[in-house]
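*Asks:* Predicted model follows, preceded by the sequence.
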Amino acid sequence: MDNPDAAIPVTLLSGFLGAGKTTLLNHLLQQTRGRRLAVLVNDFGDVNVDAHLVEQVEGDTLALTNGCICCTRRDDLVAAMQALRERPEAPEHIVVEASGVSDPWAIAGTLRLPGVRPFFRLGGVVTVVDAGAVAAWRDAEPEALVFDQIRAANLLVLNKIDLVGESARDAAMRWLDRFAGGTPVLPAAHGRVDAGVLLGTFEARTAATDPGLPAADHPDADHPEADHGEAFATASFYHPGPMRSLPAVQQALRAMPPSVLRGKGWIYLEALPDRRILVQQVGRRIDFEPGRPWGSESPHTRLVFISREPLADLDRMFAEAVAEGPESSPRM
């Protein structure tokens with residue numbers, strides 16, 4: 001990849017018919033402030049955008065006053081994304097709503113094609129599951145596509161929990177864990193999930209209160225998003241010296257507790273001291289990409305995590321991955 005920092009992250013939103021993908025998208029659009037988010041949907045008619053947010057409608061593109069763009073993807077997915085990238089103000093993030101009967105593996109594979117990888121990267125696969133439907137699936141096994149959508153996910157949203165009892169919700173969580181062990185599950189009602197968790201933008205809010213992180217030039221730092229029904233803990237790991245190897249870092253990341261939903265940042269690698277290595281973690285999916293050179297900046301490792309539960313003792317978690325050098329410290 002020539003310039004991974006310039007690659008636009010793409011989040012794939014999957015889920016069977018009626019799971020609540022569009023409701024989640026509507027909520028996501030309402031949360032976004034000043035972030036240039038583009039959403040590729042199958043049909044405008046399904047997206048219930050408040051009239052006062054609509055700034056301009058031009059062909060297949062709906063421009064919103066909060067900086068979001070909503071497009072229909074009637075043609076080739078890659079062509080639609082390239083058209084967004086070539087806009088005067090390219091989006092910072094693209095969300096693709098997959099059809100309820102589509103295979104997310106095939107769509108994710110498109111982003112790995114040689115002609116696509118330099119410009120877009122997979123930011124994660126989020127699959128929405130209807131909590132009520134899981135009860136029926138426990139009695140009669142669903143079609144294979146449902147399993148494909150669940151197993152392709154890096155993050156699962158168990159939606160419509162307000163329509164089932166607590167015991168049914170717990171049973172649904174156990175069922176999902178059986179078929180997608182290790183994949184984080186977020187319970188939700190009416191598709192209300194924190195945008196920072198879905199898109200990996202949580203570090204902006206962390207930086208606003210964490211003196212150990214760089215200041216975030218982002219509207220969310222000054223205007224935190226509203227409470228969406230679940231509290232999340234954030235923690236960061238900083239180390240001024242090099243890390244031993246990518247396998248050592250990967251092993252440490254895979255050993256993180258199941259409560260960790262996302263992680264991101266960069267590492268200073270002993271074998272590649274001239275540039276940073278970018279890290280993206282969504283559930284159990286971990287990606288490494290070469291980043292920009294350090295230049296005049298002192299090489300260091302900085303990783304930020306968001307979790308359903310507080311994270312402690314990150315020093316211990318990364319102890320085996322750290323090369324000899326100054327000690328690092330977690331920041332909460």
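*Replies:* That came through, no problem.
*Asks:* Can you tell me the closest non-neighbouring residue to the most centrally placed residue in the chain?
*Replies:* Nearest residue to the geometric centre of the chain (CA atoms, centre = their mean): Leu199, 3.7 Å. Distances taken as CB to CB, 6 or more residues apart in numbering put His93 closest to Leu199, at 5.5 Å, once the chain neighbours are dropped. In short, each C-beta sits where N, CA and C put it, glycine included.
*Asks:* so that neighbour bridges to which residues?
*Replies:* Counting by DSSP bridges, His93 forms beta bridges with Leu37.
*Asks:* ok, the residue nearest to the centre of the chain - contacts?
*Replies:* Shown in contact with Leu199 (CB atoms under 8 Å, 6 or more residues apart in numbering): Pro9, Thr11, Leu37, His93, Val95, Gly123.
*Asks:* Among these, show me the least confident.
*Replies:* When those are compared by pLDDT, Leu37 scores lowest at 83.
*Asks:* That one contacts Val96, doesn't it?
*Replies:* No - with contact defined as CB atoms under 8 Å, Leu37 and Val96 do not form a contacting pair (11.8 Å).
*Asks:* Show me the shaky parts of this protein.
*Replies:* Applying pLDDT under 70 to the chain flags residues 1-5, 32-34, 42-75, 101, 139-141, 201-231, 324-332.
*Asks:* run the last query once more with 50
*Replies:* 1-4, 44-46, 48-57, 59, 64, 74, 203-229, 326-332 (pLDDT under 50).
*Asks:* Who are the packing partners of the longest helix out of those in it?
*Replies:* Across the chain, the helix with the greatest residue count (assigned by DSSP state H) is helix 166-179. Counting contacts by 3 or more CB pairs under 8 Å, 6 or more residues apart in numbering; DSSP states H and E, helix 166-179 is packed against helix 131-139, helix 144-151, strand 155-159, strand 185-187.
*Asks:* partners of the shortest one, with directions?
*Replies:* Paired with strand 185-187 in the same sheet, following DSSP bridges, are strand 155-159 (parallel).
*Asks:* What lies in contact with the strand it pairs with?
*Replies:* By CB under 8 Å, 6+ apart, strand 155-159 touches 15, 19-20, 23-24, 124-131, 134, 150, 169, 172-173, 176, 180, 183-191, 193, 197-198, 261-262, 282-283.
*Asks:* out of the helices and strands packed on helix 166-179, nearest to Glu270?
*Replies:* strand 155-159 (31.3 Å; CB to CB).
*Asks:* Kindly export stretch 35-43 (C-alpha atoms) in CSV.
*Replies:* What follows is stretch 35-43, C-alpha atoms only, in CSV (Å, rounded to 0.1, in the frame of the first residue of the first chain):
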residue,chain,number,x,y,z
ARG,A,35,-17.7,13.8,10.6
ARG,A,36,-17.7,13.2,6.9
LEU,A,37,-19.5,9.9,6.9
ALA,A,38,-20.8,8.3,3.7
VAL,A,39,-23.5,5.6,3.8
LEU,A,40,-24.2,3.4,0.8
VAL,A,41,-27.7,2.0,1.0
ASN,A,42,-29.9,-0.1,-1.3
ASP,A,43,-32.8,2.4,-1.3
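*Asks:* Any idea how many residues pack against Lys21?
*Replies:* Neighbours of Lys21 under the rule other CB atoms under 10 Å: 26.
*Asks:* Could you do the one 4 residues further on as well?
*Replies:* Leu25 is flanked by 22 other residues according to other CB under 10 Å.
*Asks:* can you confirm it is in a helix?
*Replies:* Yes - assessed with DSSP: H, G, I helix; E, B strand; the rest coil, Leu25 lies in a helix.
*Asks:* surely it meets Val126?
*Replies:* No - counting by CB under 8 Å, Leu25 does not reach Val126; the two are 10.7 Å apart.
*Asks:* Surely Phe305 is in a helix?
*Replies:* No - secondary structure of Phe305 (three-state DSSP): strand, not part of a helix.
*Asks:* Let me see the contact set for it.
*Replies:* Counting by CB under 8 Å, 6+ apart, Phe305 touches Thr234, Ala235, Ser236, Phe237, Met256, Val260, Arg262, Gly263, Gln281, Leu311.
*Asks:* What helices and strands are in contact with whatever helix or strand the first one lives in?
*Replies:* When elements are assigned from DSSP states H and E, Thr234 belongs to strand 233-239. In this structure, strand 233-239 packs against helix 203-209, strand 260-269, strand 301-307, helix 314-317, strand 329-331, with contacts taken as 3+ CB pairs under 8 Å, 6+ apart.
*Asks:* phi, psi of Gly182?
*Replies:* Note on Gly182: its backbone torsions stand at phi 90, psi -10 [degrees, to the nearest 10].
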